[in-house]
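S.K.: my questions are about this predicted structure, shown below with the sequence.
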Amino acid sequence: MQAEPVLLAGLIEACRAAITANSDHLCALDRAIGDGDHGTNMQRGCEAVSAEEVTVSSLPLPEALERIGLTLVMSIGGAAGPLYGTLLMEMGRELRKSDREQDFSLALKQAIDAVARRGRSNAGDKTLLDVLYPVQDALAQHSPLTDIVRRAELSARLTGAMKAMRGRASYLGDRSIGHVDPGASSCALLTTAICRYLEEHRPE
């Protein structure tokens with residue numbers, strides 16, 4: 001399964017730009033219930049991936065995803081690095097098992113389940129899983145990219161009503177209610193950036 005180099009490079013840049021533009025916002029969300037550095041950490045990770053863009057873009061898609069995941073693990077601080085890294089590395093491993101494009105949503109589901117195991121968390125715990133699972137569900141239903149964007153953005157907002165059950169935010173108990181989860185927010189931003197780039201660069 002070969003990734004189109006120009007497409008993959010464009011996706012990497014779209015993700016980097018989205019996180020950079022929203023880094024301060026992500027840090028503000030994190031200051032309310034965490035360490036306050038989620039935006040900075042995510043930006044550092046995206047810049048590290050961007051620095052490897054030429055190499056990564058030349059790889060088959062499964063290997064490219066694994067390489068990006070490893071880079072994120074090594075460059076993003078806090079819990080986000082291992083979680084995002086696990087997501088991409090597991091997706092790469094799952095996609096390596098099959099060349100059929102229709103297996104992408106299943107590979108994503110397996111990767112999300114791996115993230116849940118890594119973080120010992122579930123949907124409803126106020127984490128990035130609360131965006132990932134709805135996005136995967138929309139993808140499995142072959143929803144239009146615009147609908148996937150809406151699902152991701154709504155799912156991130158809905159974490160504001162949840163009580164944090166994992167991570168530093170869980171120490172706040174009920175005081176975490178009323179604050180959008182920064183990990184869910186960054187996940188929605190990345191999903192939106194990817195979907196909008198794919199929408200704008202559909203093959204004629």
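M.R.: Arrived safely, thanks for sending. Since this is a predicted model, take the numbers as computed values, not measurements. Residues are numbered from 1 along each chain as shown.
S.K.: OK, contacts around I19?
M.R.: L26, G39, M42, Q43, C46, S186, L189, L190 (CB atoms under 8 Å, 6 or more residues apart in numbering). C-beta here means a position set from N, CA and C on the backbone, and glycine is covered the same way.
S.K.: pLDDT at it, what is it?
M.R.: pLDDT recorded at I19 is 98.
S.K.: against which helices or strands is the helix or strand containing L108 packed?
M.R.: Assessed by DSSP states H and E, L108 sits inside helix 104-119. Here helix 104-119 touches helix 80-96, helix 129-140, going by 3 or more CB pairs under 8 Å, 6 or more residues apart in numbering; DSSP states H and E.
S.K.: turn those helices into a markdown table, including mean pLDDT and distance to V54.
M.R.: A markdown table is the format used below for the helices and strands packed on helix 104-119 (pLDDT from 0 to 100; distance: least, CB to CB, whole Å):
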| stretch | mean pLDDT | distance to V54 |
| --- | --- | --- |
| helix 80-96 | 94 | 18 |
| helix 129-140 | 97 | 28 |
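S.K.: minimum distance to V115: which of these has it?
M.R.: Of all the helices and strands packed on helix 104-119, helix 80-96 sits nearest to V115, with 5.1 Å by CB to CB.
S.K.: put the alpha carbons of the closest one into CSV.
M.R.: Output of helix 80-96 as CSV, limited to C-alpha atoms (Å, rounded to 0.1, in the frame of the first residue of the first chain):
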residue,chain,number,x,y,z
ALA,A,80,-0.1,12.6,24.4
GLY,A,81,3.1,11.2,22.8
PRO,A,82,2.5,7.5,23.7
LEU,A,83,-1.2,7.7,22.9
TYR,A,84,-0.9,9.4,19.5
GLY,A,85,2.2,7.3,18.8
THR,A,86,0.4,4.1,19.6
LEU,A,87,-2.5,5.1,17.3
LEU,A,88,-0.3,5.6,14.3
MET,A,89,2.1,2.7,14.9
GLU,A,90,-0.8,0.3,15.4
MET,A,91,-2.5,1.6,12.3
GLY,A,92,0.7,1.0,10.3
ARG,A,93,0.9,-2.6,11.6
GLU,A,94,-2.7,-3.3,10.9
LEU,A,95,-2.5,-1.9,7.3
ARG,A,96,0.6,-3.9,6.7
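S.K.: what about that helix, distance to the chain center?
M.R.: How far helix 80-96 lies from its chain's middle: 10 Å, per CA atoms, centre = their mean, to the nearest Å.
S.K.: for stretch 123-139, same thing?
M.R.: For stretch 123-139 - counting by CA atoms, centre = their mean - the centre lies 10 Å from the chain centre.
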